[in-house]
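Participant: The following comprises the amino acid sequence and a computationally predicted model.
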Amino acid sequence: MAVVHFSTDQRQHTGVAEIAIEAANVRDLVRQLSALYPSLDAHLVETSSTAVAIDGEIIPDPWLEELTDTSEVYLVRPLAGG
Amino acid sequence: MSTTEAPANTGTNGNGSSGYRWVGTRPVRHDGLDKVAGKARYAADLNLPGMLYGHILRSPHPHARIVSIDTSAAEAMPGVKAVVTGADFPEAPPKGATRNLMCTVIARDKVLYSGHAVAAVAASTRREAKAAAEAIEVTYELLPHVLNISDAMADDAPVLHDNLFTRGVEPRPTEPSNVAARTVYERGDVEQGFGEADIVIEREFSTQAVHQGYIEPHACVVDCDQEGKAVIWASSQGHFMVRSSTATVLGWDTSRIKVIPAEIGGGFGGKTTIYIEPVAALLSTKAGRPVKIVMSREDVFRATGPAPGAIIRMKVGARNDGTITTAKAWLAYENGAFQGIAAMLGCMCVVSAYTLDHLYVEGFDVVLNRPVNVAYRAPSAPAAAFAMDSVVDEIAERVGMDPLDLRIQNCPSQGDPTPYGPKWPMIGLRECLEAIRDSDHYQSELPEGQGRGVASGFWFNIGEASSATVNLNENGTATVITGSPDIGGSRASMALMAAEELGLDVHLIQPVVGDTEVVGFTDVTEGSRATFATGMAVVEACRDLKEQLRKRAAKTWDCDVEEVEWVDGSAVHGPGEQEPLTLAAITGNAKRTGGPLGATASLNARGAGPAFSVQVADVSVDQETGRVTVERYTTAQDAGTAIHPSYVEGQMQGGVVQGIGWALNEEYIYSDDGNLENPGFLDYRIPVASDLPMIETVIVEVPNPSHPYGVRGVGEVGIVPPLPVMANAVADATGVRISDLPLSPPRVLEALTAAES
């Protein structure tokens, strides 16, 4: 199962530092997280935090990225640059 | 048509090991002649029949409620064809990024900074437009204002937005404030870490807001027809962004808008947003004629940019062997008039060049009565690096270690955790540190009386969406069309990658930046992404073309396509029964084998490799005036693979120079009544060529495995280290450590005098 790690801000909504979830892709993962933690979902919407980092790579518009049993996932804010 | 022998590929670091024919060479830039000859067309150069001139009226107050706007006198003035105010634009939502954009373009109920757009006029001449704008009567109810972080965060501070409640705080605040958001990253136990440390250093740092300083002011020409369609010629870092943002501000469908990218005279992040295009569009719609708006330099300073100022408190613990164990950071960043993510980015960057067991990083995004922040190369990273790398330098001094050796001892590698959680992919920080350590500069003896400083810097780099179309012409040349405005040499890079893929002389390839109706959607040229992401699209399109070329050769030879290989720009028959067919031979016969050859690729690029830079400088300090002179400067940066090394070096040098300006000179000076007192290059001092030595460059290449040629973006990270490099060098030269930027002569002299007494 993929392991989702939560930042300090996100732990205010989840109460845990990480959770293992069986999900085929990011879309599936986010759906499950939203169901598990409705206030986290609202927090993510409010902060436009739709980016994720999967195994170290930050992906700004994730949706169908596949997850594996060893995937490490972080929910991060979309980045901007100059 | 002529071909040119490929320049000797010396390898991007002069080691001749790249193995490429075109990638890593230095052909003359494709846009060079036009720019040198003055033929390059910038937005302000365009004139259309019947064109009007727009002038924007700006607030003289930093914070005020707009009670009323009377445009009747202006409308009656000679030459005036249209007048608009905020009331002519769609209503903005109550909060969020869309409101911030809409209310930056033109104020609605309140003005939030001196220079905030309030109304605009289109008239037959510039003079008439300006005179009419000044005749608009705006009645303001003045409100108290805040111009710096400390005042804005105070409990009794005047609040800019009644509906802004600090995000990231539990329980959620019930009172609005200027603190838009709190961000926290933590790992381990900092108190335990400090307990294990032999040395703990705690300091407070401040940096000033600075402008991106592009030479070309914002400019656009907009022509709206009677059917409601608009054509926009604009200077920007992303014409698709101009299209979507203009549509958002006006409430239009994007299909009504076509944006033609003009040549750009610098952006550095400052042209990743819009200010004037919707205003010109609405004026053009009202007047039924094209409208040109060109910002004055004063308007650019008062109403665009800047990069934020910051206050950062650092506490760092280390053992006597030089191992940094712990860091605690408190960061507050200016956001300008609307909330942004400056502090969040600062939190992610502040200790990124170090491996730490324990960290606690807390950041605050703060709104105040200044123009809203815009990116400036690696946004937020320079101030963060200034704080951390200044303290690290003190640690090296205290434990008696060479500052580069200490950084090498503590630098992260692939698989180590980043401060914000995920693990590092393949990165080149160690290689950059070692490159500077081994450089002629660092190995040289420091001239007497000078000081030497080193520092490192990090930036994420990003990928995002890009499109490219590559057309093969009937004479064997190619046209590469992309949607990325060329702000740093991307056209040359696109041509080189296409040349490498197709085996075609790079001089036979014409790279073009296409408008929003001739090329697929492409995100803004930002985040050091153009050569990485758009280059990836070019490579993909070329690989598609190579397959097509093989098929055309197979048709010509009446053989199976599997028998055809593409080698060095020619189709080669595997069994050897046919003479090779050049690309020109195939395109010349294309009508007989299926028609013209072209390919398009659109992608959302993944795997932008993080960037690191390490720099060293020698400075001298005039003890009588406090003036800092940069005597020698060397920068090493991981480019992954340098496609066009001259452009890579140019980006490295440009970033360094802008960082030196941030460190030594640049700052906004506001009067007590909230007006900018130095809105011009005479009083806002950016470095010029005569101020600096040649910036020496060392290109480090740790290829990014996610890109077909190993590219990492190079445009941004170079601006990060100069702030701590300058501070560390001045400290080395004078024995006095200054923690507030800029290190301008008065400030340095004051610090030297205080130290003496």
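Facilitator: Ah, there it is. Everything quoted here is computed from the prediction, not taken from an experiment.

Participant: Quickly note the distance from the closest residue to B:Leu33 other than its chain neighbours to B:Gly32.
Facilitator: Once flanking residues are discounted, B:Leu33 sits nearest to B:Lys39: 7.6 Å by Cβ to Cβ, 6 or more residues apart in numbering or on different chains. Every C-beta, even on glycine, is put in place using the N, C-alpha and C of the backbone. Noted for B:Lys39: a distance of 11 Å to B:Gly32, by Cβ to Cβ, to the nearest Å.

Participant: now swap in B:Thr469 and tell me
Facilitator: Applying Cβ to Cβ to B:Thr469 and B:Gly32 gives a distance of 23 Å.

Participant: repeat for B:Ala129
Facilitator: 36 Å.

Participant: residues from the stretch 301-450 of chain B in reach of chain A?
Facilitator: B:341, B:344-345, B:375-379, B:418, B:420-425 (Cβ under 8 Å from any Cβ of the partner chain).

Participant: 6 Å instead, please
Facilitator: B:Met344, B:Ala375, B:Tyr376, B:Arg377, B:Pro379, B:Gly421, B:Pro422, B:Lys423, B:Pro425 (Cβ under 6 Å from any Cβ of the partner chain).

Participant: on that earlier part again, please, which helix or strand holds the residue nearest to B:Leu33?
Facilitator: Using DSSP states H and E, B:Lys39 sits within no helix or strand.

Participant: Now do the contacts for B:Tyr275.
Facilitator: Residues in contact with B:Tyr275 (Cβ atoms under 6 Å, 6 or more residues apart in numbering or on different chains) are B:His218, B:Thr304.

Participant: meant to ask about B:Ala375, not that
Facilitator: A:Ala80, A:Gly81, A:Gly82, B:Gly269, B:Thr272.

Participant: repeat that for 8 Å
Facilitator: Applying Cβ atoms under 8 Å, 6 or more residues apart in numbering or on different chains, we find B:Ala375 in contact with A:Ala80, A:Gly81, A:Gly82, B:Gly269, B:Gly270, B:Thr272, B:Ala307, B:Glu526.

Participant: Sitting in helices, which of those residues do you find?
Facilitator: Nothing among the contacts of B:Ala375 maps onto helices, per DSSP state H.

Participant: Now that we have those residues, can you turn them into TSV and tack on distance to B:Glu696?
Facilitator: Formatted as TSV, the contacts of B:Ala375 follow (distance: Cβ to Cβ, whole Å):
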residue	distance to B:Glu696
A:Ala80	31
A:Gly81	26
A:Gly82	24
B:Gly269	25
B:Gly270	27
B:Thr272	30
B:Ala307	26
B:Glu526	27
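
Participant: Is any residue of the longest helix seen in chain B near chain A?
Facilitator: In chain B, taking DSSP H as the definition, the longest helix is helix B:535-557. No: Helix B:535-557 stays clear of chain A (Cβ under 8 Å from any Cβ), getting no nearer than 14.5 Å.

Participant: List the buried residues for that helix?
Facilitator: B:535-546, B:548-557 (16 or more other Cβ atoms under 10 Å in any protein chain shown).

Participant: partners of the helix or strand that that helix is followed by, with directions?
Facilitator: Next helix or strand after helix B:535-557 toward the C-terminus (DSSP H and E): strand B:564-567. Its sheet considered, strand B:564-567 pairs with strand B:570-573 (antiparallel) by DSSP bridges.

Participant: Buried residues, the strand it pairs with. List them.
Facilitator: B:Ser570, B:Ala571, B:Val572, B:His573.
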